[in-house]
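Visitor: Just the structure for this:
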Amino acid sequence: EADGHRVHERRLRHEELGALAFVVECLEHFGVERIELRALARPHAHGVRGEEQPNAALADESHHLANDLVESRNGAQRLERGLVGGGGGREHALAWKVSQDQPSIEIIAAPGNPGLATLGRCIAVSADDIQGIVALAMKEKPELVIIGPEAPLAAGLADALRTVGIPVFGPSRGAARIESSKAFAKALMREAGVPTARAIRCIDAGAAKKSAREFGAPVVIKASGLAAGKGVIVCATIAEADAAIDAMLRDDSFGAAGREVLVEEFMEGEELSLFAITDGPTVLPMLAAQDHKRLLDGDRGPNTGGMG
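Guide: I've put the predicted structure just below:
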């Protein structure tokens, strides 16, 4: 209801209740003050076609699911203080959105940047300093820590914060391996049956060059570890592939990130990223996005950390 008037009624099938949290959020966005939920059973096999028949067990289960979701939304905690770990544009966007949703919140950023300084306090502690961030969180006592960069997640910052009882938005070190190791992510996709480009893991330059010739040009050479979004080289020729392999495995140009590489088949087409938030059993998908990685127009030039 809004202003005392019913504005919309929507029937949800029992299997749709998993999406109810999203529905509730949309309703709240439009100023809905109260949400009334009623459970209706599916028609019995011998019932009148299209007629709703009562079913006590289904009604009870539906009410419990619906009420839990609505109560969790209605009773959502209003944060008084939040800590954002990181100092890039991503962290600024996260803090900006949090402060927009909860204008009274006190934002602390570590280490922060000039943009974050307009939203709250910046404290000179690197997000990569695991013990430093934990000590800062224990001192400031935020209700939530949001970790932006990949590197501290891969180093176990979320785990360290949870160990001392501090709520944190960010995956565990184990889950972060999907981001921190392309070889691990590729193996996980194969195991789970997720369609993905063929790839060969290599730690030796000679073996990597042999694999590149097996695929033929164009071919993609990937530093397996974290490389700030620049660890993927699309090679138009075998000579370019050899140079990329030497840079990673012989010249150590990518540091630890390039000491394991993937030689991967080239795939042409549109790329998109579909982000989702999960606590394990529940997945909440967000909008899809497209990252323009190549430096120049027409998909030319080297990959960058992201061109918008």
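Visitor: Run through the helices of this protein in chain order.
Guide: Applying DSSP state H to the chain gives helices spanning 20-29, 56-74, 89-101, 114-117, 130-140, 150-154, 157-163, 173-180, 182-192, 205-215, 238-245.
Visitor: can you list those helices in CSV and add mean neighbour count, mean pLDDT and distance to L295?
Guide: (Each C-beta comes from the backbone N, C-alpha and C, glycine too.) CSV is the format used below for the helices of the chain (neighbours: other Cβ atoms under 10 Å; pLDDT from 0 to 100; distance: least, Cβ to Cβ, whole Å):
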stretch, mean neighbour count, mean pLDDT, distance to L295
helix 20-29, 15, 60, 37
helix 56-74, 14, 50, 44
helix 89-101, 17, 93, 18
helix 114-117, 16, 96, 24
helix 130-140, 17, 97, 33
helix 150-154, 21, 94, 21
helix 157-163, 19, 97, 31
helix 173-180, 16, 93, 23
helix 182-192, 15, 95, 21
helix 205-215, 17, 97, 22
helix 238-245, 19, 97, 15
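Visitor: Make a markdown table from these and add distance to R81 to it.
Guide: Shown next, in a markdown table, are those (distance: least, Cβ to Cβ, whole Å):
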| stretch | distance to R81 |
| --- | --- |
| helix 20-29 | 23 |
| helix 56-74 | 21 |
| helix 89-101 | 11 |
| helix 114-117 | 15 |
| helix 130-140 | 7 |
| helix 150-154 | 20 |
| helix 157-163 | 14 |
| helix 173-180 | 25 |
| helix 182-192 | 34 |
| helix 205-215 | 49 |
| helix 238-245 | 46 |
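Visitor: For K230, which of the ones you listed is the nearest?
Guide: Nearest to K230 among those is helix 238-245 (11.7 Å), distances taken as Cβ to Cβ.
Visitor: Quick check: beta-bridge partners of I200?
Guide: V263 (DSSP bridges).
Visitor: same question but for I277, I mixed them up
Guide: Beta bridges link I277 to L284, judged by DSSP bridges.
Visitor: rewinding a little: which among the helices of the chain is found nearest to T278?
Guide: helix 173-180 (9.2 Å).
Visitor: got the contact list for the closest residue in space to E106 that isn't next to it in sequence?
Guide: Leaving aside its sequence neighbours, E106 sits nearest to R81 (Cβ to Cβ, 6 or more residues apart in numbering; 4.5 Å). Contacts of R81 were listed using Cβ atoms under 8 Å, 6 or more residues apart in numbering, and they are 105-106, 108, 140-143.
Visitor: Tell me the spacing between R81 and E264.
Guide: 44 Å (Cβ to Cβ, to the nearest Å).
Visitor: What of E140?
Guide: The spacing between E140 and E264, counted by Cβ to Cβ, is 43 Å.
Visitor: Repeat that for T163.
Guide: 37 Å.
Visitor: what distance separates stretch 150-166 from the middle of the whole chain?
Guide: Centroid separation between stretch 150-166 and its chain, computed with Cα atoms, centre = their mean, to the nearest Å, is 16 Å.
Visitor: Now do that stretch: everything it contacts.
Guide: 85-86, 127-128, 130-131, 133-134, 137-138, 142, 145, 147, 167-168, 170-173, 176-177, 179-180, 226.
Visitor: same question, stretch 115-125
Guide: Stretch 115-125 is contacted from outside by 84, 87, 89, 91-92, 95-96, 99, 106-113, 132-133, 136, using Cβ under 8 Å, 6+ apart.
Visitor: Just the endpoints, please. Distance across that stretch?
Guide: Terminal residues of stretch 115-125 are spaced 16 Å apart (Cα to Cα, to the nearest Å).
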